Every structure is written in structure tokens, then in C-alpha cells.
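> Give me a 3D structure for the following:
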Amino acid sequence: MKHLENLNERQREAVLHTDGPLLIVAGAGAGKTKTITHRIAHLISKGVPARSILAVTFTNKAAGGMRERVQSLLPREKGGLPLIATFHSLGVRILREFHERAGIPRGFSIWDRDDSVRAIKKTLQKLGTEEWKPSAILSVISREKGNGTDFKEYSQHNHSRFERAVADIWKEYEESLVKEGALDFDDLLLRTQQLLSGSEEVRSLLQMRWPYITIDEYQDTNRSQYEIARLLAGERRNICVVADGDQNIYSWRGASVAHMLSFEKQFPGTKIVLLEENYRSTRTILAAANMIIEKNTQRIPKNLFTQRETGGPIGVYLARTEGDEAWFVAENVRLLMEKGTPASEIAVLYRENFQSRVLEEAFLAAGIPYRVLGTRFFERKEVKDVLSYLRAALNPRSTSDLARIVSSPPRGIGAVTLAKMLAGNDDVLPPSARAKARAFRAALAAIEHAVKTLPASETVYFAFESSGMEKHFKESQRGGGEREDGSERIDNVRELVNLSTKYDFEAPPAGIERLLEEAALMTDQDSLDKNEGGAMLMTVHASKGLEFDVVFVTGLEQGLFPESRDDNSDPEEERRLFYVALTRARKQIFLSSAGERSKWGKRESTIPSEFLSDIDPRLISHMDYRDFASVRGATERIIE
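Predicted structure coming up:
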């Protein structure tokens with residue numbers, strides 16, 4: 001059988017265990033996705049209907065990859081695929097289906113972080129509490145929702161001045177969500193959890209629908225995700241979770257490794273399978289990674305090994321300054337490219353986003369192509385504008401969308417006119433303003449009709465055309481100075497139309513709902529396309545789940561990596577983060593630090609990270625910053 005081929009002993013053991021709880025402890029690069037997909041294929045080969053299987057992961061990219069691999073393993077005559085989704089998209093699906101039970105409109109909008117920050121800012125202005133940072137308030141609300149706490153519960157247990165302020169702001173924020181018929185990211189989980197725990201009928205129906213459940217990256221679940229998984233598993237307990245506590249790096253957003261460590265207690269009779277054979281990295285890289293992680297105590301012990309080659313040593317460069325460090329990275333990326341390594345197979349990682357600036361400057365000066373992970377297609381203004389038209393058509397209560405699109409393209413409708421329109425007072429407007437308001441409402445009504453009757457791709461283009469955006473961009477091309485900008489914006493919307501064709505098979509308005517869901521839940525990694533070329537610059541957090549031939553880990557200094565903030569630093573999590581950084585590399589690793597770094601406008605001396613001294617010196621090749629020829633020679637020896 002195809003799905004049982006090319007599996008090692010431990011992978012096969014996991015695939016063949018189909019009934020009862022299963023914990024797969026999968027080390028980095030140990031073939032966990034292969035094991036999950038082959039296990040799903042095995043379930044289907046045993047007669048389990050594909051529709052009875054639910055697989056949940058954390059990114060759209062991972063879900064899409066898993067879906068393709070399952071499909072490749074199934075005979076064509078089987079037909080149908082399991083539901084493979086992210087936690088958030090699963091929440092959207094459940095809440096739309098049972099929206100009446102959840103007490104929300106079926107066409108609810110999904111607020112992204114920008115929407116939420118904007119709403120918090122308005123609340124701060126309204127309450128006269130602008131001393132607080134919107135991002136800090138939103139972080140607390142997000143963390144509490146992730147822990148399964150809603151506003152009412154939180155407001156009963158706040159004591160400090162800041163907590164009381166959060167409670168007041170949260171109350172207004174929730175009222176804004178309700179008024180606009182919207183949910184934020186965290187609501188997609190919290191409201192799903194509340195629905196499952198509060199409705200036995202819904203819970204039983206979904207337990208019968210999906211008697212076989214697989215959860216990937218289980219170590220990254222927050223309380224709400226943990227509860228959703230537990231409630232869906234029910235009494236059957238046919239739940240398989242795949243986890244690696246050594247890659248738990250998201251405690252700051254509520255992820256708890258305790259969910260993995262207590263899995264046996266939550267599900268008695270659990271079978272545990274360890275996947276320790278790594279298929280990604282060289283022996284040298286794995287030896288260093290094992291040395292780093294074995295110092296942690298909150299973990300299920302495992303030791304990665306590989307049948308691959310030993311590989312070259314780890315290059316370590318102790319730079320004088322961050323500028324010198326950036327030069328070192330850029331010059332070595334150039335050398336690697338000269339020696340045949342594709343730029344897209346090179347990643348430069350850092351602990352904090354601010355570190356990217358000096359690296360970008362060095363890459364620009366050296367003329368080296370690069371990309372910074374984080375520029376998302378759906379965040380481009382013209383794309384967000386078209387999506388806002390579609391959201392407003394589905395959800396007329398979304399005043400934030402109406403406020404956005406009323407001036408895209410410019411219509412001569414100002415803030416005062418818009419306020420009267422939203423209040424339903426069009427009749428008090430002057431004749432000219434009333435005519436503009438009438439034209440705007442007519443355009444929106446036409447788009448609403450298209451959403452409910454046309455395929456998704458035709459609807460997107462219709463919204464672009466009937467809104468006046470297309471005409472505006474074409475006229476801007478003829479204006480001279482904005483010619484390229486107008487053309488590029490049209491191309492971006494054309495790409496949105498192309499993308500939406502994959503939802504044309506859905507009956508309206510489901511196709512547009514799916515498109516809006518994808519846009520709202522898109523992550524940085526989902527927009528990554530290695531075919532675009534260029535070395536990748538990103539935080540270590542953003543790199544999780546990715547792999548490259550060569551990885552540079554920069555800023556290895558005490559206080560930066562590992563970070564040592566007094567309020568929330570966790571030495572074990574910092575060590576796990578460095579472990580994740582090391583295990584992104586297939587062939588080579590370069591580690592660097594700066595003896596001086598500018599912070600808050602002042603130059604500060606630093607000392608190398610403790611992580612560097614934790615690696616056996618025999619695995620390291622030191623590179624002398626005082627001699628370019630020696631650095632180049634050392635790099636050539638490493639990559640050979």
C-alpha cells in the first residue's frame with residue numbers, strides 16, 4: 001500500500017495506531033507532516049470516510065501542503081478529502097454554520113489587527129485615556145481571550161489601575177464589535193469554545209461528524225484551542241496530536257507546553273511515539289542543536305540523529321559593531337550565491353525586528369536581492385479597498401468598511417456627510433451631497449447583488465469596476481506622475497481576481513465568504529514564495545516551520561538573544577527559540593554577534609550570547625573580523 005511505503009519504524013508505528021489517543025513527539029525535520037498525512041491515508045484505506053476526519057494546523061500554508069500530500073496518497077476512486085484547516089478557519093466554519101446558536105450574524109466581518117487597533121484608539125479618545133498604548137491594551141485582551149476569558153469574567157477580577165482601564169476599554173471595544181457585526185481573531189476561537197461548551201447539541205453533532213481528529217503543532221495551542229480540541233474529541237478520544245515541546249516559542253501569545261506534557265493525563269491510555277530521526281540537517285547542526293536544548297528541564301527527552309553527512313563546521317563571527325556584522329552577512333551571502341547557493345535558499349534570522357534595518361542597508365549597498373518576510377499581498381491598499389467593498393456588501397453594519405470605501409475612489413463625501421449617512425439622515429443633506437450619497441449606496445447595492453448571485457472571481461471584478469476604482473486608476477495612469485502606480489494597483493487587483501477563481505465552485509455568497517476568510521487569516525508565511533528569489537530576512541519566530549540550505553543567526557548577545565526582559569523573559573523559551581533557529585538549516589549555519597550595538601540612540605557594549613559557549617568548540621570555525629581574506633577563506637572552507 002502506497003501510504004505505508006518509505007516510512008521508518010517509528011513513523012510506521014504512528015501511522016498504524018488508528019484508535020484511541022496518540023501523542024507523536026516529533027523532533028525538528030523528523031517527517032511529522034509525512035507521518036500525519038500517511039496516517040490519514042491509512043485511516044481512509046481502512047474504510048473511514050474522508051468526511052469523518054478533521055485535521056487542524058496553524059497556518060494556511062501548512063494546511064494547503066497537508067491537503068496536497070493527502071490527495072497524492074489516495075486512490076482516485078476514493079474521492080473527497082478530509083477537512084484540513086487552521087484553528088481559526090475551523091472556528092469561522094463552525095460559527096457561520098451555527099451563527100444563531102452563537103448569537104452572531106452569519107455574515108460577520110473578521111477584524112484584523114489593524115481594525116482592532118483602530119477601534120481601541122477610538123475608545124481611548126472617547127474615554128480620555130490616551131495615556132495607554134493601544135497595542136498594550138489589545139495584547140491584554142488578546143491574551144485573556146486566548147485563555148478562554150471573556151469581558152464579563154475579566155471585569156470581575158481587576159484590581160490595578162491598568163486592569164481597571166483595560167476593563168473599561170474592553171467593554172467599549174466589545175460594543176464596537178457587536179455594533180459592526182464583527183469578530184476579532186481571538187473571538188474566532190473564544191466564541192467557538194463557548195459554543196461547544198455551552199451547546200450539547202452542537203457539540204454532539206460535531207463529535208459525530210468528526211470522530212477522528214488530528215492536531216498539528218499541539219505544543220503551540222493556547223487555552224481556547226486546547227479546549228476546542230478536547231471538546232471535539234469527546235468520549236471517543238480518537239485524537240492524534242503531533243507536538244515538539246522543544247519548539248514551543250509562543251508563550252507570549254498564550255501557547256502552553258503544559259497541554260502537551262499533560263496529554264496522557266487528559267487522555268488516559270495514550271500511546272506515545274517519538275520521531276527522532278532528522279531528514280533535514282547535517283550531523284554537525286544536529287549535534288549543536290542537541291547541546292543547546294538538553295539544558296532545558298521542561299521537556300520530553302529526545303535526541304535528534306540523522307543518516308546524513310557530517311557537514312561543515314558552524315561559522316562564528318564576533319563583529320565589532322552591528323554594521324560590521326551586517327557587512328559580514330551580506331558578503332557571505334554574496335559568496336554563497338557565487339558558489340551556487342540560490343538566494344532563496346538563504347535565510348538571515350534575528351531576535352527582534354529592529355535588527356533588520358542595518359542588514360537591509362548592507363544588502364542594498366552590496367546589490368544583493370532580498371525580501372523581508374511580512375509584506376503581505378492582502379495588506380496592499382487597493383486590495384484591502386476591494387475587500388472592504390465585499391465585506392460591506394455582506395455586512396452593512398460594518399461602519400469601519402463603509403468609512404474606508406466611501407473615499408476610495410474620492411467621491412466628495414466628507415466626514416460630516418458620512419456621519420449623517422451612517423445615522424440614516426440622508427434627507428438633511430444638501431442636494432449635491434444627497435446625490436453623491438445616493439450614488440454610493442446604489443454602487444454598494446449592486447455589489448451586494450453580485451455577491452449573492454455571481455461566482456467569486458466575477459464578483460471581485462464587478463466590485464472593482466462598479467465602485468469606480470478601476471476608472472480612477474486608469475485616469476491616474478494618464479496623469480503622468482502616477483502612471484506606474486496606477487498600473488501596479490490594477491495589476492494587484494487583477495491578481496486578486498485570479499486568486500478568487502479557486503472559490504468559483506462555491507455557491508454564492510459562500511465563495512466571497514471564503515475569500516474574505518482567507519484574506520483575514522493570512523499569515524506572513526502564507527505569502528512566502530521562494531520562486532520570487534532573494535535571500536529571506538525574518539525573525540526567528542517567523543521562521544518556524546520553514547527550512548533553508550543556509551541560515552545566518554545574528555545578534556547573539558546577552559540581553560538580545562537570549563532576551564532578558566525582567567517582566568516576561570523565560571530562559572527555557574529563549575533556548576527553545578535558538579534551537580528552532582539552528583534546526584531551520586539543512587547544510588550550513590553561521591552565527592554572529594556585535595561587540596557594540598546602538599540602542600535607543602546610544603552605543604552600548606555587549607558580550608557574546610551564552611548559547612555560543614554551549615556549543616562544543618570542535619563544531620565551530622571562528623572567523624576573524626580583522627582580516628577579510630581570512631573570513632572569505634573560512635567561509636569557502638565551511639561551504640565546501
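> which intervals of this structure have sub-threshold pLDDT?
For the chain, the stretches flagged by pLDDT under 70 are 1, 77-79, 374-376, 477-485, 524-532, 565-569, 600-601, 624-640.
> after the longest strand seen in the chain comes which helix or strand?
In terms of residue count, the longest strand belonging to the chain (DSSP state E) is strand 585-599. Using DSSP states H and E, the helix or strand that follows strand 585-599 in sequence is strand 602-605.
> Run through the neighbouring helices and strands of that next one.
Strand 602-605 is packed against strand 585-599, with contacts defined by 3 or more C-beta pairs under 8 Å, 6 or more residues apart in numbering; DSSP states H and E. No exception for glycine: its C-beta is placed from N, CA and C like everyone else's.
> For the strand it packs on, which residues meet the burial criterion?
585-597 (16 or more other C-beta atoms under 10 Å).
> Would you tell me which one of those residues comes nearest to G31?
Nearest to G31 among these: R586, at 14.1 Å, using C-beta to C-beta.
> Which positions within the host helix or strand of E163 qualify as buried?
Assigned by DSSP H and E, E163 belongs to helix 161-179. If you call a residue buried by 16+ other C-beta under 10 Å, then helix 161-179 has these buried ones: A165, V166, A167, I169, W170, K171, Y173, E174, S176, L177.
> What of stretch 354-363?
For stretch 354-363, a neighbour-count test (16+ other C-beta under 10 Å) marks Q355, S356, V358, L359, E360, A362, F363 as buried.
> Show the contacting residues for N395.
P105, G107, F108, S109, E180, G181, A182, D401 (C-beta atoms under 8 Å, 6 or more residues apart in numbering).
> Could you export the residues you listed to a markdown table, including columns for distance to T214, secondary structure and neighbour count?
Output for the contacts of N395, formatted as a markdown table (distance: C-beta to C-beta, whole Å; DSSP: H, G, I helix; E, B strand; the rest coil; neighbours: other C-beta atoms under 10 Å):
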| residue | distance to T214 | secondary structure | neighbour count |
| --- | --- | --- | --- |
| P105 | 31 | coil | 16 |
| G107 | 30 | coil | 20 |
| F108 | 28 | coil | 26 |
| S109 | 30 | strand | 24 |
| E180 | 35 | coil | 21 |
| G181 | 33 | coil | 18 |
| A182 | 31 | strand | 25 |
| D401 | 36 | helix | 26 |
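> Please convert these to JSON lines, extending it with distance to G545.
Output for those, formatted as JSON lines (distance: C-beta to C-beta, whole Å):
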{"residue": "P105", "distance to G545": "34"}
{"residue": "G107", "distance to G545": "32"}
{"residue": "F108", "distance to G545": "29"}
{"residue": "S109", "distance to G545": "28"}
{"residue": "E180", "distance to G545": "33"}
{"residue": "G181", "distance to G545": "33"}
{"residue": "A182", "distance to G545": "29"}
{"residue": "D401", "distance to G545": "32"}
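> which helices and strands sit right next to the helix holding E163?
The contact analysis (3+ C-beta pairs under 8 Å, 6+ apart) places helix 161-179 against helix 113-127, helix 134-146, helix 151-155.
> strand partners of the helix or strand that that helix is followed by, parallel vs antiparallel please.
The helix or strand immediately downstream of helix 161-179 is strand 182-184, counting by DSSP H and E. Using DSSP bridges, strand 182-184 pairs in its sheet with strand 109-111 (parallel).
> Give me the contacts around the strand it pairs with.
Contacts of strand 109-111 (C-beta under 8 Å, 6+ apart): 92, 119, 177, 180-185, 188, 391, 394-395, 398, 400-401, 516-517, 520-521.
> Repeat that for stretch 152-163.
W132, E144, R164, V166, A167, W170, K171.
> And those residues, which is closest to G31?
Comparing those against G31 with C-beta to C-beta places E144 closest, at 36.9 Å.
> Around that closest one, how many other residues sit close by?
20 (other C-beta atoms under 10 Å).
> ok, for it, nearest residue in space, not its chain neighbours?
Once flanking residues are discounted, E144 sits nearest to Y154: 5.4 Å by C-beta to C-beta, 6 or more residues apart in numbering.
> Repeat that for V257.
Excluding the flanking residues, the one nearest V257 by C-beta to C-beta, 6+ apart is N248, at 4.2 Å.
> Now that neighbour, what are its backbone angles?
Main-chain torsions, N248, degrees, to the nearest 10: phi -80, psi 100.
> before we move on, back to that, deepest-packed of the helices and strands packed on helix 161-179, please.
Highest mean neighbour count among those (mean count of other C-beta atoms under 10 Å): helix 134-146, with a mean of 18.
> Tell me what angle that one forms with helix 113-127.
Per axes from the mean of the first three to the mean of the last three C-alpha atoms, to 10 degrees, the angle that helix 134-146 makes with helix 113-127 is 110 degrees.
> what packs against helix 134-146?
Secondary elements touching helix 134-146 (3+ C-beta pairs under 8 Å, 6+ apart): helix 113-127, helix 161-179, helix 185-198, helix 223-233.
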